[in-house]
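Enquirer: Let me see the structure of the following:
(2 chains)
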Amino acid sequence: MTLRNAIASRRALHSVHPIPNEPPLVAASAPLLWWRGPRSSASLLNTCTSLCALKLLHASVLRRHPDDLFLSATLASRYAFLGFSRHALSVLSSAPPPPPCASDPFLWNILLRAFADAGAAERTLAVYHRMRDPGGGGGARPDRFTFPPVLKACGHLRNLEAGAEVHRDAVELGYHYDVFVGNSLIAMYGKGGALETARRIFDEMPERNVVTWTAMIGALAQNGHTEEALSLFHSMLDGRVRPNRATFLNVMSCVSKAEEADDLYKLIARQGLHSDVFVQNAMVGMYSRCGKIEFARHLFDGIVEKDLASWSSMIEGYARADMFDEALKLFRKMKLGGILLDHVILLGIIRACSNSLLASLQHARFIHGFVVRNLLDQNLMVQTALIDLYVKHGSLRNARRIFDQMQEKNLVSWSTMISGYGMHGRGEDALRLFSCMKGSVKPDHIVFVSVLSACSHAGLIDKGWQCFNSMMTEFGIVPRAEHYACMVDLLGRAGQLKEAREFIERMPIKPDSSVWGSLLGACRIHPNAEIAELAAKSLFKLEPENSGRYILLSNIYTSLGKIEEAHRIRALMRWRGVRKIAGYTIIVVKNKVYKFLVGDRMNPQSDLIYKELEKLMDRIRMIGYVPNTNFALHDVEEETKEKSLYVHSEKLAIVFGLLNSGPGCVIQIHKNLRVCGDCHTATKFISKITGREIVVRDSHRFHHFSDGVCSCGDYW
DNA sequence: GTAGGGTTAG
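Expert: Numbers count the residues shown, from 1 in each chain, chains lettered A, B, ... in the order given. Presented below is the predicted three-dimensional model:
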């Protein structure tokens, strides 16, 4: 194959990664390499822009200079630069070691950079230690070029200990004030989550450039401090430091308001960066996060040279916007275009399916099959996403099967499975798994949220307290608002409302809406006007637009017989212009999705559904069902209220499911809001009288109804 | 010869 053909076929294979035109110099010079010295060969290597050309030069170079470490390292860095880490590592593994007691750091530095560029972080550190060790064949004094690749490796490994050691070396040798070293230190500490140290270095740096600012903004962004990152970006602009591509990429990940996005867009366009594919992809993500999904799509359509990240950004955007159909449509379009997919694309599709109420277990199975056929089922992130997918579609058995088959598990995979058990009310299983986990992985604050919420969903009060206390004492994890919210939930379940209030008062941090929401939720099961008002007062300040809070308080008043107050809250809601979210229920029957609204008559079987519903209600009434009109519409007579309860979307979907599935089949429905209290009671009776298992996924958790009992223990 | 950056599982 000629060089030209080789390049052409490579381009065809990677149409999503277009390769720029090869400089004529490379192709023409390859045969001439035999007379070139190692230095000029190296500079020639750095002009290669395709794998084929590089391979040709590789063969030619190493034939002439088989033992030249400098050339091998340059070659490896170039392979890494083009994205072929495996080739890079293979070159490095057959490269000769630096000569014994090589005191010139140059060779070590180039080797360090090659390993770091190839993503071989562990080996970078190993080379650094050898370099520092005179007994082990090293003995070179690091210079300012040594530290950036080594710090990059520490950051990659999130190894703060090793990073701090390298930092100490840099201080000892007097290189910590070098702007390149300082920038690398900020990035390393940022990746390790040590924001204060990163900030201290940033503040103390005698010289700063655009990279310094970008590294600090990136450190804040990666650790979720988006507001601070944005404010630093504005300080940077005020200081007349001109942002560049990397700065914009970091800043865009922090933007969640459409106006900010528009301002940034203008700035980017002014610098002529709006047609850069990296920037475009990030813009698609930014606008979809701001809720401007259509504009994100418009930007996506405008990307001339779409790469894989363009497609995944858009699919991810649809997943975020809960637009499963659109995500799937785009995915199909992509496949039809012959584009080879990767694990990130699949993660987007899996997430779209997990989150969507319109997707069913069949969809989940289809996507799982697709993952297996594309040989991506051994990818750790994909496996974890699949566990979550099955959990969200009600199949703990499939989730657990994937979990058990995983060759390697990390904190996230354990956490996903534990939270899955929690969502399904299987608290004991969650705790068992958590104990196993502690043997191999150190828990973090997120897994504690899963464990505590599993305890609260299953009513394991003592165990919950034990876990909460062990967070600090055993693992040194400082509880956050989410953990306090779980504990308030736990106390609320036990009816200890006053204790829950006192617990909030004693909190060392400011309670957020999740904490007050738990307290208000507790009052729904154990009505208490005073405490409900206290919680609602804060919630109406923190989340004035959240209609659910108003409705909850109004229902609590109704159940206490305080009808006037209930009306007052509904009026307040109207006056503030807060719009109620329309409740709906989804059921999938024979691969078709059916959606029911309250009192819905759109379904072709409506007559039959209502006739059957009437009969069913009579039957469950005979065995003790009493309608709870607290959950009915207001301003109507009791009898009408009762009727209005009958036509709630949950009940319509269940009856439709009963009519259209064989005896013994499990009925699974999805509700976009929390399941209504009356529907919850009715479903228990329906499960008893029909002998069917009914699984309800609502906005909070799963309810498994069987033989008159629900897995949530009537607290949710 | 050096640093910062896009889509990515709880």
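Enquirer: Please report how far A:Ile689 lies from A:Leu608.
Expert: Per C-beta to C-beta, to the nearest Å, A:Ile689 is found 19 Å from A:Leu608. C-betas here are computed from N, CA, C, even on glycine.
Enquirer: And the two? Which one has more around it.
Expert: Shown here are A:Ile689 and A:Leu608; by other C-beta atoms under 10 Å, A:Ile689 has more neighbours (16 against 13).
Enquirer: quick one: which helix or strand includes A:Gly624?
Expert: For A:Gly624, there is no enclosing helix or strand under DSSP states H and E.
Enquirer: Could you check how many residues crowd around it?
Expert: Counted with other C-beta under 10 Å, A:Gly624 comes out at 10.
Enquirer: Now it: closest residue in space, sequence neighbours ignored.
Expert: The shortest distance from A:Gly624 to any non-neighbouring residue, by C-beta to C-beta, 6 or more residues apart in numbering, is to A:Phe685 (7.1 Å).
Enquirer: so that neighbour touches A:Tyr625, yeah?
Expert: Yes. Here A:Phe685 reaches A:Tyr625: they are 4.5 Å apart, a contact under C-beta atoms under 8 Å.
Enquirer: Which elements pack onto the helix or strand hosting the residue nearest to A:Gly624?
Expert: Per DSSP H and E: A:Phe685 is located in helix A:677-690. Applying 3 or more C-beta pairs under 8 Å, 6 or more residues apart in numbering; DSSP states H and E, we find helix A:677-690 packed against helix A:606-622, helix A:649-659, strand A:694-697, strand A:702-706, strand A:709-710.
Enquirer: and of these, who's closest to A:Gly291?
Expert: For A:Gly291, the closest of the helices and strands packed on helix A:677-690 is strand A:694-697, at 24.1 Å, according to C-beta to C-beta.
Enquirer: Helix, strand, or coil at A:Tyr177?
Expert: coil (DSSP: H, G, I helix; E, B strand; the rest coil).
Enquirer: How many residues are close by it?
Expert: When neighbours are defined as other C-beta under 10 Å, A:Tyr177 has 15 of them.
Enquirer: Roughly how far does the residue nearest to it when sequence neighbours are not counted sit from DNA strand B?
Expert: Nearest in space to A:Tyr177, with sequence neighbours left out and distances taken as C-beta to C-beta, 6+ apart, is A:Pro206 at 5.4 Å. For A:Pro206, the distance to DNA strand B equals 13 Å [C-beta to the nearest atom of the strand, to the nearest Å].
Enquirer: Please apply the same query to A:Cys290.
Expert: Taking C-beta to the nearest atom of the strand, one finds A:Cys290 at 14 Å from DNA strand B.
Enquirer: what residues go with each domain of chain A?
Expert: Domain ranges of chain A: A:1-96, A:103-203, A:371-575, A:584-710, per automatic domain parsing.
Enquirer: Point me to the helix or strand that includes the residue nearest to the spatial centre of chain A.
Expert: For chain A, the residue nearest the mean C-alpha position is A:Arg351 (8.9 Å; C-alpha atoms, centre = their mean). Using DSSP H and E, the element containing A:Arg351 is helix A:343-355.
Enquirer: and A:Asn379, backbone torsions?
Expert: Per-residue torsions, A:Asn379: phi -80, psi 130 (degrees, to the nearest 10).
Enquirer: chain center to stretch A:583-601: distance?
Expert: 29 Å (C-alpha atoms, centre = their mean, to the nearest Å).
Enquirer: Enumerate the residues of the stretch 601-716 of chain A near DNA strand B.
Expert: Residues of the stretch 601-716 of chain A lying close to DNA strand B (C-beta under 7 Å from any atom of the strand): none.
Enquirer: number of nearby residues for the residue nearest to A:Tyr177?
Expert: 8.
Enquirer: Could you double-check that it lies in contact with A:Asp178?
Expert: No. Contact between A:Pro206 and A:Asp178 fails when scored by C-beta under 8 Å: they sit 9.7 Å apart.
Enquirer: where in the stretch 201-350 of chain A is pLDDT low?
Expert: Scanning the stretch 201-350 of chain A for pLDDT under 70 picks out no residues.
Enquirer: Quick check: phi and psi on A:Tyr594?
Expert: The phi/psi pair for A:Tyr594 (degrees, to the nearest 10) is phi -120, psi 130.
Enquirer: returning to that earlier point: can you name the helix or strand that the residue nearest to A:Tyr177 falls in?
Expert: Using DSSP H and E, no helix or strand contains A:Pro206.
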